[in-house]
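1. what follows is a predicted structure for the sequence shown.
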Amino acid sequence: MHPALRPGWTLVVPVKTLVAAKTRLAEAAGPHRAALAVAVACDTVAAALACPAVARVVVVTGDPLAAGPLAEVGAHVVGDPEAGLNAALRHGAAEARGLAPYAPVGALQADLPALRPAELATALEAAAEFEQAFVPDAAEIGTTFYGVAPGVPFRPGFGGESRARHLSRGAKELTIDGIPSLRRDVDTPADLAEALRLGVGPRTAEIAALIARGS
């Protein structure tokens with residue numbers, strides 16, 4: 001297929017069951033922890049779908065309370081095989097390649113509430129130059145995005161020190177200026193504060209305001 005006719009990226013976003021989501025935010029978020037997790041995931045997916053380089057987003061989740069809102073945002077939702085994060089991503093990638101066999105496929109973390117479509121587009125444009133590429137998180141320990149070209153095996157290595165893992169597997173690390181929103185994942189109250197400083201999506205902002213008020 002001519003590159004100009006190739007479909008846009010399919011991004012796979014894994015979303016944990018809400019009982020397991022954002023446990024490190026439990027003390028700060030209180031009774032709003034589950035709502036915050038859904039809001040963050042929905043803002044992440046909405047931003048991804050607003051990126052002109054993205055054709056579709058496949059969400060992998062086993063939680064119906066998350067699946068409904070994410071489908072409303074526009075995600076194609078599939079069940080989670082419940083075999084771990086990378087198994088969920090591979091399951092989503094198989095679905096993605098069924099939907100668009102000639103499209104590049106990427107994994108995107110679900111906790112990027114400040115994500116800017118233009119910054120994602122910058123990263124995807126750079127990733128398209130390589131068979132496999134990734135973006136490290138702000139701490140330069142984990143990974144927020146991993147993507148492969150059409151026909152290239154999809155081998156995500158998320159979890160823990162995933163930056164080193166992706167490097168060891170030959171993926172190109174994308175060291176790009178001007179994409180802080182793509183690198184700012186949210187696991188702790190300090191992460192959330194930094195994301196709020198960058199500017200989060202409307203759903204996250206609403207829940208964060210409730211938390212700030214102690215409502």
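-> Sure, I can see it. Just so we're clear, the structure is a prediction, and the values are computed from it rather than from any experiment.
2. longest helix in this structure, please.
-> For the chain, the helix that runs over the most residues, judged by DSSP state H, is helix 33-49.
3. ok now that one, how far from the chain's centre?
-> 10 Å (CA atoms, centre = their mean, to the nearest Å).
4. stretch 77-86 too?
-> The chain centre lies 14 Å from the centre of stretch 77-86; the measure is CA atoms, centre = their mean.
5. mind listing what's buried along it?
-> Taking 16 or more other CB atoms under 10 Å as the basis for neighbour counts, the residues of stretch 77-86 that come out buried are V77, V78, D80, L85, N86. Every C-beta, even on glycine, is put in place using the N, C-alpha and C of the backbone.
6. what of stretch 35-43?
-> For stretch 35-43, a neighbour-count test (16+ other CB under 10 Å) marks A35, L36, A37, V38, A39, V40, A41, C42, D43 as buried.
7. this protein: strands as residue ranges?
-> Secondary structure of the chain by DSSP state E: the strands cover 9-15, 54-61, 76-78, 105-108, 132-136, 143-148, 172-173.
8. report all helices and strands that the longest one contacts.
-> When you say that, I think you mean strand 54-61. Contact partners of strand 54-61 among helices and strands, from 3 or more CB pairs under 8 Å, 6 or more residues apart in numbering; DSSP states H and E: strand 9-15, helix 33-49, helix 64-73, strand 76-78, helix 85-99.
9. the bottom helix or strand of the protein by mean pLDDT?
-> The helix or strand of the chain with the poorest confidence is helix 26-29; it has a mean of 72 (mean pLDDT, DSSP states H and E).
10. may I have that one exported as PDB, CA atoms only?
-> The C-alpha coordinates for helix 26-29 follow below in PDB (Å, rounded to 0.1, in the frame of the first residue of the first chain):
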ATOM      1  CA  ALA A  26      -6.200   6.600  47.300                       C
ATOM      2  CA  GLU A  27      -5.300   8.800  50.200                       C
ATOM      3  CA  ALA A  28      -5.400  12.000  48.200                       C
ATOM      4  CA  ALA A  29      -8.500  11.100  46.100                       C
END
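11. and the contacts of it?
-> Here helix 26-29 makes contact (CB atoms under 8 Å, 6 or more residues apart in numbering) with K22, R33, L36, P189, L192, I207, I211.
12. got it, and stretch 155-165?
-> Stretch 155-165 is contacted by residues 84-86, 89-90, 93, 107, 109, 132, 134, 136-137, 140-143, 146, 148, 166, 169, 173 when judged by CB under 8 Å, 6+ apart.
13. those residues, buried ones only, as a ChimeraX selection?
-> Here the buried members of the contacts of stretch 155-165 are turned into a ChimeraX selection, burial being counted by 16+ other CB under 10 Å:
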select :85,86,89,90,93,107,109,132,134,136,137,142,143,146,148,166
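14. re the thing from before, can you put the contacts of helix 26-29 in CSV and add distance to A114 and pLDDT?
-> Compiled in CSV, those are given as follows (distance: CB to CB, whole Å; pLDDT from 0 to 100):
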residue, distance to A114, pLDDT
K22, 15, 63
R33, 19, 87
L36, 14, 92
P189, 15, 89
L192, 10, 93
I207, 14, 94
I211, 16, 87
